[in-house]
Structures are given as C-alpha cells and as structure tokens.
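Chemist: I would like the atomic coordinates for the input below:
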Amino acid sequence: FLASGAFGVSFGAGFSSLSRISGMPLSIGLIGLGRWGLNIKRTLESLGVTVIVIERNHIVPEKLDGVCIATPSSTHVEVALPYIERGIPTFIEKPMATSSADVARLEEAARTSGAPIFVGHIYLYNPAFRKIVELARTIGIVQGMSAEGANDAPRSDSTVLWDWLPHHVAMAREILGINPSRVSVTSAATHAIRDAAIITYMFGSIPLVSRISWVSPEKKRMFTIVGTEGTIVFDETADHKITLVKGSDVEHPLYEAEPPLTVELRAFLNMVQTRREDRPHLVDARDIIRAIEAAEEAAASGSVVTIA
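Modeler: Alright, predicted model coming up:
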C-alpha cells in the first residue's frame, strides 16, 4: 500500500516480514508494556523482529538496531534521549513531547547524533484514512471538518487535549497541507484534570471542530470532511469505516485491510534499515505540539489564541 498526502508519506513497501541486517533478525528495544506497548510488541514479533523489553531508566543495551518508546507521554523525552544521543533509530509514541522546549531538546540530540526519529501518529498510516486523503480531492473545496474522540480511559499525567488532539490535528494537516493559525477551547474538568473539551481550530478560513472526552460512556473515533461537492465520514468504530456522500449517492469505498499499527511499524523498521525517514516526523511533531500548547493556553485563558 502506497499513498501520499499533503505533507507526504510513503511506506516501506520493500520491507520483508523477516527483517534482517547482516543476515540477523532486527533487535528492537521496547520501553513500556502497557496496553499499547503490548500491541507494539506483538506486531513487531509478527514482522519477524526480536523484541528486547527494557525497563525504564535501565542502561542502554548494546547492539540495538532501534527502540520503541511507549511510556506515558510526560516521560517520552527523558526516556528517549539516551537512545537518540547514542544514534539509535527511535520510535516515540504520540505526542512525542508535551512542550516545544522538549521537542527542541530531542531535535538537537538527533542533529548531533544523526539518529532518525519516527513519531507514532498512527492515523497517518491507517489505510482507511489514507483512502480518505485520496477521496478528499473528489469533494470540491473543503469547507469544514469535524472530529470526535471519546473513551473512558483517563490519564493522570496529561489532559485530554494531549491524548486526542495529536490525532485530529495530524489528520487535518495531512488533508489541508497547512497548519492551524488560531484556536479556541471550551473545556471541563470533572476529575481535577481537563477531561472533556470542544476545540475549534482555524486552518486559514477552514474550521476543524474537535469534540473529545474521557468521560463519555460511548467510544467514538470519527472524522468528517465537508466539501462543496460532497462529504466524507470516517468512523473507525463502524462496519463501513468510510462513507462518501455526493448528492443522493452514498458509497462505502474500499481500502487496504492491513492493520494500521502493522503499516506504521513496517515503515519504522524500513527507517531502521535505511536510516531514511518516510516523512518529516520532527516537523510533524513540532507543529502538532505547538497547536496543542496553544489549545491548552486557550482553555486556560478562555480566549482565542494565535498559533505561532
């Protein structure tokens, strides 16, 4: 499966399931064995990789081909830095960091060591979303977008904005090819932390309205694009994940069925082997984190915030 969006992405189509360097299976370290870390472990093993589970704060093992960081977002920078400083290709789950200052620390370390960094914005590798990027060209001029993300799994180290907005901002950037310019937020905190919010980003004159929650009893993962000639709905929880509406015509376009995490980790392993990035990961992360910082400022101040 190969596709390209506004910011550009390509997947390692030539990557073998039995990944090898010098005839040996790739050895990939994994830090973080929560729910998502276990998914990463199973997927890497299905791709023929030797996974070495590393406890947080342990010394960097010798002879690692790469490492995956799947710890809580507030710990990503401190956990990843020793590996990046050693020049080891590093996969960091989204968000890569929780401040622009920490992004700069990672960028400087990568510049010094030459370590390639891969940021896990998984929707950019989701075959259904890649199909939507393609379909967006068929619905005329984009007039607006909306997104919904809801679950009942609150985190203690960050607000709901850092959990869901990396997805929504990444998707909107990929479709439009530009960054948001300003943001406003209405939010609530029912457990002493911001756990539900409505965020309006303006991408030029095009709004993205994002409704996110940790307290909703219903899980939602939706993204809608409204154009002058049609509407596209991406509903990850539905049987038909893509709905294309043009006038009275309703279609459910087909797309590749490979799991998004498999596509994403195959691209990472290709980066490990070639030391070449498939897309500008650090640029993506820096711009997305600036957008979320601005949303946090807007939530705290109750005002519209311009994004630098």
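Chemist: quick one: buried residues of the longest helix along the chain?
Modeler: Using DSSP state H, we find that the single longest helix of the chain is helix 281-301. For helix 281-301, a neighbour-count test (16 or more other CB atoms under 10 Å) marks 281-282, 284-296, 298-299 as buried. Just so you know, the C-beta spots here come from the backbone N, C-alpha and C atoms, and that holds for glycine as well.
Chemist: same check on stretch 166-184?
Modeler: So stretch 166-184, judged by 16+ other CB under 10 Å, has buried residues 166-176, 179-180, 183-184.
Chemist: repeat that for stretch 141-159.
Modeler: Going by neighbour count (16+ other CB under 10 Å), the buried part of stretch 141-159 is 142, 145, 146, 147, 148, 149, 150, 151, 154, 158, 159.
Chemist: could you pull up the residues touching the fifth one?
Modeler: Contacts here follow CB atoms under 8 Å, 6 or more residues apart in numbering; on that basis residue 148 touches 210, 211, 212, 220, 221, 222, 223.
Chemist: repeat for the second one
Modeler: Taking CB under 8 Å, 6+ apart as the definition of contact, the neighbours of residue 145 are 172, 175, 206, 207, 208, 209, 223, 224, 225, 226.
Chemist: mind redoing it with 6 Å?
Modeler: By CB atoms under 6 Å, 6 or more residues apart in numbering, the contact set of residue 145 is 172, 208, 225.
Chemist: export the residues you listed as TSV, with columns for distance to residue 265 and secondary structure.
Modeler: Shown next, in TSV, are those (distance: CB to CB, whole Å; DSSP: H, G, I helix; E, B strand; the rest coil):
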residue	distance to residue 265	secondary structure
172	24	helix
208	28	strand
225	27	strand
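Chemist: who is residue 202 paired with across the strands?
Modeler: Here residue 202 sits in beta bridges with residue 182, residue 207, as judged by DSSP bridges.
Chemist: picking that back up, mind giving me the packing neighbours of the helix or strand just after the longest helix of the chain?
Modeler: The C-terminal neighbour of helix 281-301 among helices and strands, as given by DSSP states H and E, is strand 305-306. For strand 305-306, the elements it packs on are helix 281-301, judged by 3 or more CB pairs under 6 Å, 6 or more residues apart in numbering; DSSP states H and E.
Chemist: what sits closest to residue 139 if chain neighbours are left out?
Modeler: Residue nearest to residue 139 in three dimensions, not counting chain neighbours: residue 227, with 3.2 Å by CB to CB, 6 or more residues apart in numbering.
Chemist: contacts for the longest helix of the chain, please.
Modeler: Contacts to helix 281-301, defined as CB under 6 Å, 6+ apart, come from residues 95-96, 100, 103, 107, 117-119, 161, 165-166, 169-170, 179-180, 183-185, 187, 199, 305, 307.
Chemist: next, check these against the strands and list the overlap.
Modeler: If you go by DSSP state E, the contacts of helix 281-301 have 117, 118, 119, 183, 184, 185, 187, 199, 305 in strands.
Chemist: what's the closest of the residues you listed to residue 268?
Modeler: residue 118 (4.6 Å; CB to CB).
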